[in-house]
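Q: generate a structure from the sequence data that follows.
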Amino acid sequence: MSDRTTAAIAGTGSFLPADSIDNFALYEMGTLRDDFDVEQARGSLRSVEGADALSEHEVFDRWARQVTGIKERRYLTPESGLTTEDMCARAGQRALEAAGMEASELDLIFAASLTGADEVPNVACTVAERIGAPQLGGYVLNAACAGFVHAIGAGWSSIVSGMAERVLVVSGDALTRAVDYTDVRTAVVFGDGAGAVVLERSEGDTGLLGRPVMASEFSRAPLYMVGQGWEEEDEPFPVLHMHGGPRILRNAITKMAEVGERALETASLSWRDVDFVIPHQANLRITKGLEKHLDLESGHVIHNIERYGNMSASTVAVAFDEVVRGKHGPVPEPATYVLTAIGGGYTMAGAVVRV
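A: Numbers count the residues shown, from 1 in each chain. Predicted coordinates for the structure are as follows:
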């Protein structure tokens, strides 16, 4: 038994909207059907037998799957009446249930989000109220797709410093509200969802092993969204702008490997000690590329973007909850995880967790 103080994972949870948009339905949104170059995309489907006979909808579907790995993404419809804050609250409540804990037992809440329905009250404040603990202190942080791992780092720090005993970390985004449906590069990628963990002070051998690692490398071009009051003339607002390409994919692979490696060093571990790597689900080519880069056997690196799309910071949170609950196969007890993410900006973060 170790005498170190750390933050243990007391419970995990997630929430996904009931509705989804597959690639066929997405093709009909906005002006995508008018702006998508069907014949150029058809020509890129070299490995697809009978590509010449595919309908334009089938071409779009096959192209989207080839470029991103995504078949469908979850969609928070206006008819649902739900907001980002609602998704975060439901994920948080499920994490509390898994921990066997009441909201009244929490000391702090940290929320990773960039699409709150309200700027003020902020997402953390609203989620605290909706889970029945309006007195909770905390704040929102925006580290784009690396936000959940950043928020875990904030939770760990507050526990190790003695500021808190129990912390709720939530992450949620409704990115389909911020997608430009005239730009196929962004519209095809993003989806909606939320995830959460409850962190609890521990002196055991589980929980966060070593210090979480956070880093950045400024670059605005790959992904940006202008702030309120700063939108360009005649531009829809808010809207995500994203530029892809082989260089960006390679950078995502190498940087997630690097920040994961640094987190393992703080825990005095190596990749051989890891049961699961849970990377940000930006693109299936990226997560598959990371698997190859790390030279890990199939099943060690988790992939779930096919059904959910890129949910920003919530991709790691949702995948972590799924693995802990056995949805990706048997889980050893205890299991060691590397959480690693890269987001627009660039922001990066890694953490090693034993559950």
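
Q: just give the nearest non-adjacent residue to Ser158, would you?
A: Closest residue to Ser158 apart from its sequence neighbours, by CB to CB, 6 or more residues apart in numbering: Ala164 at 4.5 Å. Yep, even glycine has a C-beta here, placed from its N, CA and C like the rest.

Q: correct me, but that neighbour touches Phe110?
A: No. If you go by CB atoms under 8 Å, Ala164 and Phe110 don't touch, sitting 10.0 Å apart.

Q: which residues are in contact with both of these two?
A: Shared contacts of Ala164 and Phe110, defined by CB atoms under 8 Å, 6 or more residues apart in numbering, are found at Gly155.

Q: neighbour count winner among these two?
A: The residue with more neighbours, out of Ala164 and Phe110, is Phe110; 26 against 21, by other CB atoms under 10 Å.

Q: what sits against the more buried one?
A: So Phe110 contacts 124, 138-141, 151, 154-155, 167-170 (CB under 8 Å, 6+ apart).

Q: and the strand or helix carrying it, C-alpha only, in CSV?
A: Per DSSP states H and E: Phe110 is located in strand 108-112. What follows is strand 108-112, C-alpha atoms only, in CSV (Å, rounded to 0.1, in the frame of the first residue of the first chain):
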residue,chain,number,x,y,z
LEU,A,108,-15.7,21.1,-6.3
ILE,A,109,-16.8,20.8,-10.0
PHE,A,110,-14.7,21.4,-13.1
ALA,A,111,-16.3,21.5,-16.5
ALA,A,112,-14.6,21.3,-19.9
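
Q: after it, next one along is what?
A: Assigned by DSSP H and E, the successor of strand 108-112 is helix 123-130.

Q: between that following helix and strand 108-112, how many degrees?
A: Here the directions of helix 123-130 and strand 108-112 differ by 130 degrees (axes from the mean of the first three to the mean of the last three CA atoms, to 10 degrees).

Q: helix 123-130 packs against which elements?
A: Here helix 123-130 touches helix 84-99, strand 108-112, strand 137-141, strand 166-174, going by 3 or more CB pairs under 8 Å, 6 or more residues apart in numbering; DSSP states H and E.

Q: just the CA trace of the third one, in CSV.
A: To tie it back to what came earlier, the one meant is strand 137-141. Extracted C-alpha coordinates of strand 137-141, given in CSV (Å, rounded to 0.1, in the frame of the first residue of the first chain):
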residue,chain,number,x,y,z
GLY,A,137,-17.5,26.0,-6.4
GLY,A,138,-15.7,25.4,-9.6
TYR,A,139,-15.2,26.7,-13.1
VAL,A,140,-15.2,26.1,-16.8
LEU,A,141,-12.1,25.6,-18.8
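
Q: roughly how far is the helix or strand that that strand is followed by from the heart of the chain?
A: Toward the C-terminal end, the helix or strand that comes next after strand 137-141 (DSSP H and E) is helix 147-160. Mean-position distance between helix 147-160 and its chain equals 15 Å (CA atoms, centre = their mean, to the nearest Å).

Q: good, wrapping up.
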